[in-house]
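>>> Sequence and predicted structure are below.
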Amino acid sequence: MDELARRLLRVVDSMVLWGDPSIPDDVRKNKWQIMAKRLMAASGADLQEFIQNVVRDIAGDKVRTSRELGQEISDLLLMARKAGGDSRLIRYVKRRAFPLVLRYMASAGESGGE
């Protein structure tokens, strides 16, 4: 489940256009904290809706899309269903949002905000 959670974080991080000028500087500065809070607060009946809600809460309509990202989401959905379902992954991520984001941040080689 942990690997699936990190893949989910990678999807969310990849979808948000963090460098877009319309995203406020304070949001960019506190990127990781905001991501963790949005993961904990988001809802969704399935993983696709959950991803959409997290990304929308962070970035509004400033979203990056690509064929590769679409394939990554499809792969994540398939693996989540094989591992016990979308809701299981969503619960796992919501309960462990801050530690998961910290580990993802470290693996992404970025530093956090305050």
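Sure thing, it's come through.

>>> what residue of this protein is the furthest out?
In the chain, the residue that sits farthest from the middle, by C-alpha atoms, centre = their mean, is Pro21; the gap is 20.4 Å.

>>> other SSEs contacting the host helix or strand of Val11?
If you go by DSSP states H and E, Val11 is part of helix 2-15. Secondary-structure packing of helix 2-15 (3 or more C-beta pairs under 8 Å, 6 or more residues apart in numbering; DSSP states H and E): helix 31-41, helix 47-59, helix 67-82, helix 86-95, helix 97-108. For every residue, glycine as well, the C-beta is placed using N, CA and C.

>>> Could you rerun that using 7 Å?
With contacts taken as 3 or more C-beta pairs under 7 Å, 6 or more residues apart in numbering; DSSP states H and E, helix 2-15 sits against helix 47-59, helix 67-82, helix 86-95, helix 97-108.

>>> Downstream of it, the next helix or strand is which one?
Following helix 2-15 toward the C-terminus (DSSP H and E): helix 25-29.

>>> Give the rounded mean pLDDT of that following helix.
Across helix 25-29, the average pLDDT comes to 86.

>>> could you dump it to PDB, C-alpha only?
C-alpha atoms of helix 25-29 as PDB (Å, rounded to 0.1, in the frame of the first residue of the first chain):
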ATOM      1  CA  ASP A  25       3.800  32.400  -3.700                       C
ATOM      2  CA  ASP A  26       2.600  31.400  -0.200                       C
ATOM      3  CA  VAL A  27       1.000  28.200  -1.700                       C
ATOM      4  CA  ARG A  28       4.300  27.400  -3.600                       C
ATOM      5  CA  LYS A  29       6.300  28.100  -0.500                       C
END
